[in-house]
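using only what follows, build the 3D model:
(chains A and B)
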Amino acid sequence: MDKVKTRFAPSPTGMMHIGSVRTALYAYLVARQHGGTFSLRIEDTDRNRFVPEAAEDIVQNMKWLGLNFDEQPVVQSERKDLYVKYAKELIEKGAAYEQDSAIWFKMPKEGKVGFVDLIGNRKVTFNLSDQKDFVLLKSDGFPTYHLAHVVDDHLMGTNPVIRADEWLPSIPKHVLTFQAFGWEVPQYAHLPLILGSDRSKLSKRHGAKGVSEFHQDGFLPEAILNYMALLGWTPPDGKEVISLDEMVKTFDLKSVHSTPAVFDLTKLEWMNGEYIRKMSDEELTKRLQEFLVDHPNKDKIAPLVPLVKERIKKLSDFIPLTDFIWEKPEYDVEVFKKIKLNDLDIKDVLNKIAYKLEEIKKPWKDKEFEKAFRQLAKELDVPAGNVFQLIRVAVSGQLVTPPLFESIKIIGEDETLNRVREVISQFPNFS
RNA sequence: GGCGCGUUCGUCUAGUGGCCUAGGACACUGGAUUCUCAUUCCAGUAAUCAGGGGUUCGAAUCCCCUACGCGCUACCA
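Okay, the predicted model is just below:
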């Protein structure tokens, strides 16, 4: 391939969709690995479906994902005159005609159009007898996708054209239009569709959200990119967790396959967790602070980061896991009842715990703390884990938390003791 | 209906005529570690390669047919 130039060309009819990330990514990778250019084109020629905020949403999400453009975005609605000019040129050339104040392309009725798709090296042939004339320029003066695609990609020098598989049936229109202008037909790569769990085209009803919603849910851009890349392509060495830079080196359009892939949120979550665990504590802290913009204690989270790192799959998981650190939890008797203490009285055990806590020398140390309560467990003839579990619930109100000793150190000796006492007074008999 | 594309474990996939009685990852199950959860580590369940015909000494891999799925069939993209 010589002078590679790719583009991502979404239409702003809604917020940027997760499925389009893969199209954008592949186009980006092809450009980068060939030292070519990558650009954005906003295809806003359908005024009925136009959503004003959508273009900005797309630009922001591409930025967040790190898929940077090499030039100013092309906005089709700003170059209406251009399409009118070219549509008229086709009339002059006898390839188009005007009817009902729209300009139509005249499709030949005989012959075939064939081309070879970069994906899967598929040779596809269409019989022109199945084709119909189609509109190039609508009566509102805006071009259809077909005209805009041919004009823009010729003018921009796009090669190869990377787009979704749903465009494949339109190939005869596009090839013939390029030829009518006397322009070279670019190479095409039609990417297989991304499907929902019911195997139909991925859409909102599958719970497939916009990119910015994944952002809000606490997904990392690198994990999203990595996961989406795997939908249709496997890195040569089979290693699935792979950075953008590595992808640029090893990606190959020819090894992308032509089979539609089902989007699997569970695997994306796993991938996100992999990236979180791989990060340094400092980096994770920074990312969490950026994510927790309105969190009142975001400046104090650093000591918690190593504690939660292995326990969160998404940045947002941090919140429910650490809420109890900052403020006294709401207690529920039922939660206490789940702890097995043989037939011992919960309140009785809590009193003993409070007593021990007062006894332990401050500042509390992990080992002494642990030793003290293992001994208490022995005295009570209860598994040590169950005693720790009681303390955990008394301190956090929850059965699942980050490691107890470290959490308590962050909460502080006084507050810990307060909470245990609070529980004792709040539930006189635990029944 | 017409045209087109596609079909390997539940999902993403490896595989381009013999290394495949089909390998990996996610998920799931069991076990080890453990103060809960998680992480980590081990082990396991799971595809007669959509079905049927060929070609070949030999096919998941090549050819044909059928079935099924999806896409397109707009002055939407």
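
pretty sure A:Leu399 contacts A:Phe388?
No. Here A:Leu399 does not reach A:Phe388: they are 11.4 Å apart, not a contact under Cβ atoms under 8 Å. C-beta coordinates here come from the backbone N, C-alpha and C atoms, glycine included.

more neighbours: which of the two?
Using other Cβ atoms under 10 Å as the criterion, A:Leu399 and A:Phe388 rank with A:Phe388 on top: 19 against 12.

which strand or helix spans that one?
Using DSSP states H and E, A:Phe388 falls within helix A:384-396.

contact partners of that helix?
Helix A:384-396 has contacts (Cβ atoms under 8 Å, 6 or more residues apart in numbering) with A:324, A:329, A:331, A:335-336, A:339-341, A:346, A:349-350, A:353, A:373-374, A:376-378, A:380, A:398-399, A:401, A:404, A:407-408, A:411, A:416, A:419-420, A:423.

now, which of these lie within helices?
Using DSSP state H, the members of the contacts of helix A:384-396 that fall in helices are A:324, A:335-336, A:346, A:349-350, A:353, A:373-374, A:376-378, A:380, A:404, A:407-408, A:411, A:416, A:419-420, A:423.

of those residues, select the buried ones using a ChimeraX command.
The following ChimeraX line selects those of the ones in helices among the contacts of helix A:384-396 that are buried, judged by 16 or more other Cβ atoms under 10 Å:
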select /A:324,336,346,349,350,353,373,376,377,380,404,407,408,411,416,419,420,423
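
which of the ones in helices among the contacts of helix A:384-396 are close to RNA strand B?
A:Leu404 (Cβ under 7 Å from any atom of the strand).

check contacts around the nearest residue to A:Ser170 once chain neighbours are set aside.
Leaving aside its chain neighbours, A:Ser170 sits nearest to A:His146 (6.7 Å; criterion: Cβ to Cβ, 6 or more residues apart in numbering). Listed by Cβ under 8 Å, 6+ apart, the contact partners of A:His146 are A:105, A:134-136, A:170, A:173-174, A:177.

most neighbours among those residues, which one is it?
A:Leu136 (29 neighbours).

next SSE after the host helix or strand of it?
Using DSSP H and E, A:Leu136 falls within strand A:134-137. Downstream of strand A:134-137, the first helix or strand assigned by DSSP H and E is helix A:145-156.

all strands of chain A, in order?
Under the criterion DSSP state E, chain A contains strands at A:5-8, A:37-42, A:74-75, A:96-99, A:102-105, A:112-116, A:123-127, A:134-137, A:161-164, A:188-191, A:194-195, A:261-262.

filter the contacts of A:His146 down to the ones close to RNA strand B.
Counting by Cβ under 7 Å from any atom of the strand, the members of the contacts of A:His146 near RNA strand B are A:134-135, A:170.

related to what we said a few turns ago, would you format the strands of chain A as JSON lines with distance to A:Arg22 and mean pLDDT included?
Output for the strands of chain A, formatted as JSON lines (distance: least, Cβ to Cβ, whole Å; pLDDT from 0 to 100):
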{"stretch": "strand A:5-8", "distance to A:Arg22": "11", "mean pLDDT": "98"}
{"stretch": "strand A:37-42", "distance to A:Arg22": "15", "mean pLDDT": "98"}
{"stretch": "strand A:74-75", "distance to A:Arg22": "21", "mean pLDDT": "98"}
{"stretch": "strand A:96-99", "distance to A:Arg22": "35", "mean pLDDT": "98"}
{"stretch": "strand A:102-105", "distance to A:Arg22": "31", "mean pLDDT": "98"}
{"stretch": "strand A:112-116", "distance to A:Arg22": "22", "mean pLDDT": "93"}
{"stretch": "strand A:123-127", "distance to A:Arg22": "22", "mean pLDDT": "92"}
{"stretch": "strand A:134-137", "distance to A:Arg22": "28", "mean pLDDT": "98"}
{"stretch": "strand A:161-164", "distance to A:Arg22": "9", "mean pLDDT": "97"}
{"stretch": "strand A:188-191", "distance to A:Arg22": "7", "mean pLDDT": "96"}
{"stretch": "strand A:194-195", "distance to A:Arg22": "7", "mean pLDDT": "92"}
{"stretch": "strand A:261-262", "distance to A:Arg22": "9", "mean pLDDT": "95"}
